[in-house]
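Enquirer: Just to be clear, the model below is a prediction. Sequence and coordinates:
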Amino acid sequence: MAIELLATAVVSGAEDLWKHYNSIDHPVERYVVVNNSEGQFPEVSDVIDKIVACSNDFVAEAVIVNNRMNAGFGGAVNQIIKQNIDCNYWFITNDDWHVSPCELAKLDKRLEDDFFG
């Protein structure tokens, strides 16, 4: 199967965002990035352009939300949820969190079971 949605937010962490994206080693249906950089960090824009070019074979769709002002991490989480209500769950991390090898496969396996919380 595939992880339905994996998302993050970024302000100035272009290198972290790129590592976050490239650490994906299991199919992800939708990868969402909330860009809170307000255009102040060209290196973030460069990384987002590379993500949009779909250079990771495990990512089926990349969605970029470009904010005109920094909504903060909490605001970004709210945007992700509100704009992806068609998903059964949202796996949202900070951009400086990089997936360890095979961890997304373990998460996907866990999501096959019913859960409550």
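Expert: Perfect, I can see it now.

Enquirer: ok, which stretches of this structure are helices?
Expert: 14-22, 42-52, 72-82, 103-111 (DSSP state H).

Enquirer: Now do the helix or strand of the chain with the lowest mean pLDDT: which elements does it pack against?
Expert: Every helix and strand of the chain was ranked by mean pLDDT, DSSP states H and E. The lowest is helix 103-111, at a mean of 91. Applying 3 or more CB pairs under 8 Å, 6 or more residues apart in numbering; DSSP states H and E, one finds that helix 103-111 contacts strand 3-10. For every residue, glycine as well, the C-beta is placed using N, CA and C.

Enquirer: Output the below-cut-off pLDDT ranges for the chain.
Expert: Within the chain, the stretches with pLDDT under 70 are 115-117.

Enquirer: again, only this time at 50
Expert: Of all residues in the chain, none has pLDDT under 50.

Enquirer: and of the helices of the chain, who's closest to residue 7?
Expert: helix 72-82 (4.6 Å; CB to CB).

Enquirer: Name the residues of that closest one that come out as buried.
Expert: Residues of helix 72-82 classed as buried by neighbour count (16 or more other CB atoms under 10 Å): 73, 76, 77, 79, 80.

Enquirer: what sits against the third one?
Expert: Right, residue 77. 9, 90, 92 (CB atoms under 8 Å, 6 or more residues apart in numbering).

Enquirer: Can you report how many residues lie near the first one?
Expert: Burial of residue 9 is recorded as 28 neighbouring residues (other CB atoms under 10 Å).

Enquirer: OK, contacts around the residue nearest to it when sequence neighbours are not counted?
Expert: Excluding the flanking residues, the one nearest residue 9 by CB to CB, 6 or more residues apart in numbering is residue 76, at 3.5 Å. Residues in contact with residue 76 (CB under 8 Å, 6+ apart) are 9, 34, 36, 65, 67.

Enquirer: Cool, thanks, talk later.
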